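> show me the folded form of this:
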Amino acid sequence: MSETGTTTPEAEGERALRRSLGFRDLVVYGLLFIAPMAPVGVFGTLDAKSHGAVALVYLVATIAMAFTAFSYAQMVRVVPQAGSVFAYARVGLGNGAGFVAGWMAMLDYVLIPAVAYLFSGVAMNALVPEVSRWVWTALAVVVTTLLNLWGVRAAARVGFLVLATEVVVLVVFVVSAVVVLARDGTERGWLSPLTGDGTQGAFALSAVLGAVSVAVLSYLGFDAIASFAEEVTGGSAKIARALLFCLAFAGVLFIAQTYLVALLEPVSSARLAAEPGLQGSAFYDTLDASVGTWLHDLVAVSKAIGAAFAALAGQAAAGRLLFAMGRDRRLPRVLSRTNDGVPRVALLCAAVVTLVAAVWAARRDDGMDQLVSVVDIGALTAFLLLHASVVGWFAVKRRGGTVIWWRHVLAPVAGAAITVAVIVEASGTAQVVGAVWLVAGLVVLAAQGSRPPEPTPS
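Sure, this is the predicted structure:
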């Protein structure tokens, strides 16, 4: 029997996952999904919104996301199972809430890889325009799906090489930026990435907080680590450490690179705000102007390859979520079948849905905007239920021993408040799609009727 009082996955044979991941593998998956240079695409937007205080934005965003990481770290010890937030909400809030959490997370886990595949296809099409971007997009889906079907350990090994390459490119960027700053000085003041460049008036906390609501989306994906709880060796504490490490490491990378780019940025935040068309390429334009096109091209190629492997991590997490919901009979039972410890049916289903979404978007001029506008709302809703699960399990049900109020109530409530604020700041399209998806999930839940009694950890 497992901690949840149900038959363990290992005892189910064909529905068991293979334990083969170590701490490094978990970190690789987490950082691949986040992407070490995630701020590249949103740097201009954040610089304009924050009045130039873009490094401060990422500092605040890292602290804000730490509440979510902390809630994950607590619940993964309670329910060390695949499916992460689906399993956590199920024991903390009940079966219905668990289904809703898994259903909303599904929207995120399926569409975030689609965005990453599309980004890779667009980048490769820019390098080899003779091949349509939808072809490159489909090819990226096929290659990474084959790696995932090969096994989580094999995919982690290949992912480590890709991640190492991304980190090397980031180091090259940092060294190049430092050399230019030492030789030519800054375009803005040394403290401006933390205090603003002054071109839109005095420092405004409201502007920084508004930009934080966008910046936190750069971190989405670190939570995918929790989906591998049944495939890690050494216990759930390793999952918790990996979650916190990935968030802290990503925060340091994001703050450092945006600080350096902001110092080199020749365009003021006021001009970026007045001319939104400059925002998307602001990071690359700064590299061109200060370092040279060679670094622009190097970063672009790294982002193209890195995006495909970020999708690999997302697809793997989506497969584990479908596997867990299938095993719990919330989705078709066939999704819980495994072959040699790999949930290949669930992975293939996730890959097919992602492939359709990515290729559809790749064949449209507005495809990227259509996908990006809706990918985050599912994860944010799941985060909200995650925080509620911590309160439900530890403070309401009091199943975790003595209630530690700052840990079991104050921290998750603060995390939930931050999540609500980000949801409110989301686009209208994202809110509508999220609401429609939620209603569809509630209809499915109602149609399922009763299920076995709620499993509870001992």
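> tell me which helix or strand of this protein sits lowest on mean pLDDT?
Of all the helices and strands that make up the chain, helix 367-372 has the lowest average by mean pLDDT, DSSP states H and E, namely a mean of 66.
> so where do the helices sit in the stretch 101-250 of the chain?
Read by DSSP state H, counting those that start in this stretch, the stretch 101-250 of the chain holds these helices, from start to end of the chain: 133-150, 152-184, 192-195, 205-215, 236-264.
> what's the least confident stretch among the ones you listed?
Here the lowest mean pLDDT among the helices of the stretch 101-250 of the chain goes to helix 205-215, at a mean of 81.
> can you say which of the helices of the stretch 101-250 of the chain is nearest to residue 355?
Within those, the stretch nearest residue 355 is helix 133-150; the backing value is 4.7 Å (CB to CB). Yep, even glycine has a C-beta here, placed from its N, CA and C like the rest.
> neighbours of residue 230, just the number please.
Here the number of neighbours of residue 230 (other CB atoms under 10 Å) works out to 23.
> excluding its backbone neighbours, what's nearest residue 291?
Nearest residue to residue 291 in three dimensions, chain neighbours excluded: residue 176, at 4.9 Å (CB to CB, 6 or more residues apart in numbering).
> what's the neighbour count on that neighbour?
A count of neighbours around residue 176, defined by other CB under 10 Å, yields 19.
> going forward, count from 40.
Sounds good: first residue 40 from here, last item residue 215.
> could you report the distance from it to residue 338?
If you measure residue 215 against residue 338 using CB to CB, to the nearest Å, the figure is 10 Å.
> I'd like the distance from the helix ranked longest in the chain to the chain centre, please.
Counting by DSSP state H, the longest helix found in the chain is helix 332-366. Taking CA atoms, centre = their mean, to the nearest Å, one finds helix 332-366 lying 10 Å from the centre of the chain it belongs to.
> for it, buried residues please.
Applying a neighbour-count criterion of 16 or more other CB atoms under 10 Å, the buried positions in helix 332-366 are 334-335, 337-366.
> for stretch 318-326, same thing?
Of the residues in stretch 318-326, those with enough neighbours to count as buried (16+ other CB under 10 Å) are 318, 321-326.
> what do you get for stretch 207-218?
Neighbour-count burial for stretch 207-218, with 16+ other CB under 10 Å as criterion, is recorded at 208-209, 211-212, 215-216.
> and residue 444, how many residues sit next to it?
If we define neighbours as other CB under 10 Å, then residue 444 has 10 of them.
> excluding chain neighbours, what is closest to it?
residue 434 (7.8 Å).
> distance to residue 430 added to the buried residues of stretch 207-218, as CSV?
As requested, those are arranged in CSV below (distance: CB to CB, whole Å):
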residue, distance to residue 430
208, 42
209, 38
211, 45
212, 42
215, 47
216, 44
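> and which of those residues is nearest residue 462?
Within the set of the buried residues of stretch 207-218, residue 209 lies nearest residue 462; the separation is 30.6 Å, counting by CB to CB.
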